[in-house]
Structure formats: C-alpha cells, structure tokens
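Chemist: The sequence and its predicted three-dimensional model are supplied below.
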Amino acid sequence: MLKGKVHKYGANVDTDVIIPARYLNLSEPAELAEHCMEDIDAEFLSRVEPGDIMVATTNFGCGSSREHAPLAIKASGISCIIAKSFARIFFRNAINIGLPLLECEEAVDNIETGDLVEVDLAKGSIKNLNSGRVFTAKPYPDFMAELIAAGGLIEHTKKRLGVK
Amino acid sequence: MGKTLAEKILSARSDEEARAGNIVVARLDLVFVQDSTGPLTLRQFNETGLNTIYNSARTVLFIDHSTPSPARELSNDHIFLRSFAEEKGAVLSDVGEGVCHQLVAESWAKPGDIIVGADSHTVTAGALGAFATGMGSTDIAIAMALGKTWLRVPETIRIIVRGRFARGVSAKDLILHLIGQIGADGATYMALEFSGETIATMPMSERLTIANMAVESGAKVGLFPSDSITEDYLRRQGRKEQYIPLSADPDASYESTIEIDAAQLEPTVAKPHTVDNIALARELAGVDIEQVFLGTCTNGRLDDIRIAASMLQGKKRHPHTRLVVAPASQKVLLAALAEGYITTLVESGATIVPPGCAACLGVHQGVLGDGESCLSTANRNFKGRMGNPEAFVYLASPATAAATAIRGKITDPREFL
C-alpha cells in the first residue's frame, strides 16, 4: 500500500521539463533527482517527501525517450504517478525501472495538490483520504503485469534466461 | 481482412498474426543508441550479465547529440561509448558524422525493417517503410542483448493527403498542421500511415520530415509506403538491392482516416511551449526572433539547406538575428559545399556548425539567453528545450526560417517568392 501527499500537474508534462537535457550526463538517480521538475515547478524539490504521489492530466511524459525522466521522479521520492494518460515511451520506461503508473481519469479529476492519497497497486484502487472517495485504475495488460511482478524488464529477462 | 503497414511488417518479423491490440515479439533489424541515452543503456546492458550483443554488426552507437563535446562529463560519456563499441564489436558513429536518424536513413534503414533506437525520433525511418520506434535505455539494452523486443501492434490512423503544396509551403507545414489538428496526444500508442497522391510524389527528404514528427502526436510510428521514390533514394545511397515494394492492403482496417488538402495549407508555426500550439506564420508576423536555427533530423537535409540558401542568396541576415546552420550529416555538408549553398549561407551571415544535433536539445552551439526567442526547424519547442526555461522556441519550415532570418521577425516566406 502506498500513501502520500499529491503534487498535481496539467497536460503534456514533457520529459524535457521533468529532467532537462543539460543534466543527462548525470548517472546517479539521486543526482538526477536534484533537478527533477525544476523548469516547470521550482518548488517541487523543497515540497516532495518520500512516498508522495504525482498526479497529472493527459499525455504525461511526452517527448524524449530519456529514461532519466522516470529515474529522476522515482529518486525524488515519488512512489507512483496517476494520470489520465501517459506517453508510450515513458510508460514502458517507468514500468521497466519499477515506477508504478496508474491510468484513471476520474481519480485525476477528483484529486488536488496537497490531498493525501492511498494506492493499492495490487487492486488498482486509489483512495483520496481527504474526500474519502475511491477510484479504480485501468488494469495492466497481462504481459506488463508479469514484468512488474518480476521487478522490471532486466530482472524479468534474467529470470527467463536463467542468468544469475 | 487486409493489413495495415504496421500489421504487415510486424506479422512478417514476428511470425505471428499481428493484429492491432495484440502483443508480439519481433525480430530486430537495427538497434541503436545516441550519446545522451547511450551511457545509461550500456550500463543497463552490463547489468543483464549477458555480455554479448546479439547482432553487433547491426547495433550502432551514435555520438551526435553533444559533438564535439562541450564538457568534460560528456567527453567521458563518449569515451565510455567508444570503449564499449571496441569491446563488444558494435558499430561506432563518432563525432561529426551526423545525426543518428539521418545516418540511419542514409546507411541502415530499409523497407520492412523493425528498428528500435534509444531516441524518440527513431520514427524518422518510417519514411522508408521501416517500422521504427523509440524506446528507453532499459528496453534498448534488452533489445541489444536478445535481438528482439515486445511490441503492442498499434491501431493505425490513416492520413490521406491530396493536392499540391502552394509555393513556400512544404512537408513541415503539413505535419505541424496535422499535429495542431489532432493534438500532442492525438495518436498516442497508434501508428500514423501516410498515403494519397501528394505522398506518392513526395521526395524522401520531405517524407523523413513528416515521419520524424509523428512522435510529436504521441504516435509509435509514422509509416510511408515503399515505392519508386524509396527505390530511387536507396539507389542513391548505393543500396538499391535493399528495395522491396510495400503498401497496406486496400481492405485494411483503420482506427480513423484524416484527409488533408495540401493546396489549402499555409506556412505554419508551432508556438511555445507545445508542438500542437499552432498558428500561421502570417498571424505571427512581427514577433522578434533573436536566433534562427536551421538543421536537425527534422530539417537538416540538402533540400532544406537548398531552400534556405536560395532565399538568402544575395541577402543578409537581420543584424539582430543570429543564423545557426547544422547540416544533418557529413554527406549533406559535402553536397551543400559542392553546390555552393554553404558559401551563400556564410555570405548571408550564417554560422555553420558541424553535422550533429547542435542547438536542438539545449546543450551547446546555440543555447538561448533569458527572454530570447528562436525560430527553429527542429521538432520540439518544450519549455527549456534549447537550454533555458526563460527562452521561447517556435518551430517552422526551412523557408519560414530563411524569411525570418532576413527580417529578424517571424515572416511568411511567400513574401520572398
């Protein structure tokens, strides 16, 4: 069960604002996290606490294929992202590195910045603890559920090939 | 029932009946990275413990994003890429050779291929009838190791284009118009498939511009049929034998169809800070521009440079407007030199930078100052994209770029024709 306060954004949050290209040479997720969202929300880093939840409307993570984007968000302490829709490369990247994403229009419309939200990933349920309302996210396709259960693509592949 | 181009290619390369919505595991014809996503990819590859690249002769490490390197850390990333290529036997494309997507078109992509690259604009090779798509570093690391990847077969939006472009209007205006119409997420998870009489006669350079920007509507791939224009392009690259004809079945099933009359299009511009924020160039006339950038995987080809040079011939850039030109590859640079275009551009006041991504991604060679505006022929105008969140990026065609460089303000290129 994940629980945290919400940081909410609008549509088309692109990977350039999540982590600008000028920082892509940083290799440690913690170093990337120091610049996460700085071009769109300079206050984010001072507000975010471990376990917090990011919420956005449509097309979250559009643009560049940089996997640094979900890595930076994850290392900033965000435990999962709830959006109306995600850009496809970002979606794969986040799952591959073990950052859970949930697609749920109704939840996004009924959650605001600062709300306390609880997420049950196994059930796909999202509860706004401020309003008491509960929402259900779209289930993952079976194949992706397998990847998530294995702990990401690298682990999934190693397991399948029997690599230690 | 017939198949879309995406379904045909994915069926052939997976030995499965690939229908929209299915997940298939497809064999890969080309896997590549570039120097900003590459280091993470290679570290993830090492993490798998697999050690061997599945097909090292068709795995390419491109050093194009920050070239020549502007910083010590990036130089060290380049060292890492070079030593990995040496150790594992991957192909290296080093500083100055050009932008990965242009080089993939010139030297690698062929109709019917499946190509994955650790760069969202991998979609560019869709112009040659290749199912080409961008992925993140972990996916590409596994693709390098296994020579295959999983793909959800996309639904397809068919884009039918009829009519002739008016003078001063080109493929860039068409794709900006389309993205403005369907939105930055209008084709998320889907394929765009282009056809119609305008497409049938469209030169490869313009097809590449359109395919390149498919991802700006969220699309997974932007596919063109493989036809006589593809054959001619491959022949000019010395790869004639790699041509195969490829088109969708007439009874294929589409998610939707959009028809565009090319004759109705006007010079189009994407305003800051999203690509779907579209206006006509004439509606923005008078907006001050401090830098014009001509180049990139979208519009850094010989045809693009020719258009700009022909408009700037005998003229000077506006004294307040810098003009930065980056040919997309060495081949483009050499041809532009031979044709005299580079001389024309330099005489008009342009700064020529080496083949590569240059100013596009905001690392070097034209980072914008606070409050400055750039009119760029690239594909993205996100906040901070050109290195400064206090700057503004407008996207437009090479013709609009040249007209704007002359006036120092956004200018409809038809004023010079």
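Modeler: That came in fine, so what should we check first?
Chemist: check contacts around residue A:13.
Modeler: A:40, A:56, A:59-62 (CB atoms under 8 Å, 6 or more residues apart in numbering or on different chains). Yep, even glycine has a C-beta here, placed from its N, CA and C like the rest.
Chemist: With respect to residue B:208, which of those residues is nearest?
Modeler: For the contacts of residue A:13, the closest approach to residue B:208 (CB to CB) belongs to residue A:62, at 21.2 Å.
Chemist: Look at the closest one and say how many residues are nearby.
Modeler: By other CB atoms under 10 Å in any protein chain shown, the residues close to residue A:62 number 30.
Chemist: Find me the pLDDT at it, would you?
Modeler: For residue A:62, the model assigns a pLDDT of 97.
Chemist: for residue B:61, same thing?
Modeler: Reported pLDDT for residue B:61: 98.
Chemist: can you check residue A:164 too?
Modeler: 65.
Chemist: got the residue ranges for the helices in the stretch 51-200 of chain B?
Modeler: Here the stretch 51-200 of chain B has its helices, by DSSP state H, counting those that start in this stretch, at B:72-88, B:100-107, B:137-146, B:171-182, B:197-200.
Chemist: Just put those in a markdown table and tack on mean pLDDT, distance to chain A and mean neighbour count.
Modeler: Conversion of these to a markdown table gives the following (pLDDT from 0 to 100; distance: least, CB to the nearest CB, whole Å; neighbours: other CB atoms under 10 Å in any protein chain shown):
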| stretch | mean pLDDT | distance to chain A | mean neighbour count |
| --- | --- | --- | --- |
| helix B:72-88 | 97 | 4 | 16 |
| helix B:100-107 | 98 | 12 | 26 |
| helix B:137-146 | 97 | 4 | 27 |
| helix B:171-182 | 98 | 12 | 24 |
| helix B:197-200 | 98 | 24 | 18 |
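Chemist: between those, which gets nearest to residue B:191?
Modeler: helix B:171-182 (13.1 Å).
Chemist: from the contacts of residue A:13, which are also near chain B?
Modeler: Counting by CB under 8 Å from any CB of the partner chain, the subset of those that neighbours chain B consists of A:40, A:59, A:62.
Chemist: Next, the first one: secondary structure please.
Modeler: Spelled out, that is residue A:40. Three-state call for residue A:40 (DSSP: H, G, I helix; E, B strand; the rest coil): coil.
Chemist: tell me, how many neighbours does the closest residue to it other than its chain neighbours end up with?
Modeler: With CB to CB, 6 or more residues apart in numbering or on different chains as the criterion, residue A:40 has its nearest non-adjacent residue at 4.1 Å, and that residue is residue A:17. Counted with other CB under 10 Å, the neighbours of residue A:17 add up to 23.
Chemist: Let me know whether residue A:17 touches residue A:42 as I believe.
Modeler: No. Taking contacts as CB atoms under 8 Å, residue A:17 lies outside contact range of residue A:42: 11.2 Å.
Chemist: on that earlier part again, which one of the contacts of residue A:13 is nearest chain B?
Modeler: Within these, the smallest distance to chain B is 3.7 Å, found for residue A:59 (CB to the nearest CB).
Chemist: and the closest one, how many residues sit next to it?
Modeler: Quick note: residue A:59 (other CB under 10 Å) scores 27 neighbours.
Chemist: sorry, back to before: turn the ones next to chain B among the contacts of residue A:13 into CSV, columns for distance to residue B:412.
Modeler: Shown next, in CSV, are the ones next to chain B among the contacts of residue A:13 (distance: CB to CB, whole Å):
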residue, distance to residue B:412
A:40, 32
A:59, 30
A:62, 29
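Chemist: Which single one of those residues is nearest to residue A:141?
Modeler: Distance to residue A:141 across the ones next to chain B among the contacts of residue A:13 (CB to CB) is lowest for residue A:59, with 19.6 Å.
Chemist: tell me the contacts of the closest one?
Modeler: Contacts of residue A:59 by CB under 8 Å, 6+ apart are A:11-13, A:85-87, B:184-185, B:188, B:218.
Chemist: what does residue B:100 give?
Modeler: B:32, B:34, B:60, B:62, B:64, B:93, B:117, B:119, B:297.
Chemist: same thing but at 7 Å, please
Modeler: By CB atoms under 7 Å, 6 or more residues apart in numbering or on different chains, residue B:100 lies in contact with B:32, B:34, B:62, B:64, B:117, B:119.
Chemist: In this structure the fourth one contacts residue B:98, no?
Modeler: Yes. The pair residue B:64 and residue B:98 passes the contact test of CB atoms under 7 Å, sitting 6.5 Å apart.
Chemist: Between these two, which contacts overlap?
Modeler: With CB under 7 Å, 6+ apart, residue B:64 and residue B:98 have common neighbours residue B:356.
Chemist: quick one: low-confidence ranges for chain A?
Modeler: A:164 (pLDDT under 70).
Chemist: go with 80
Modeler: In the predicted model, chain A carries pLDDT under 80 at residues A:27, A:163-164.
Chemist: Three-state assignment for the residue nearest the centre of chain A, please.
Modeler: Centrality entry for chain A: nearest residue to the mean C-alpha point is residue A:81, 3.4 Å, by CA atoms, centre = their mean. Three-state call for residue A:81 (three-state DSSP): strand.
Chemist: Identify the bridge partners of it.
Modeler: Listed by DSSP bridges, the beta-bridge partners for residue A:81 are residue A:54, residue A:101.
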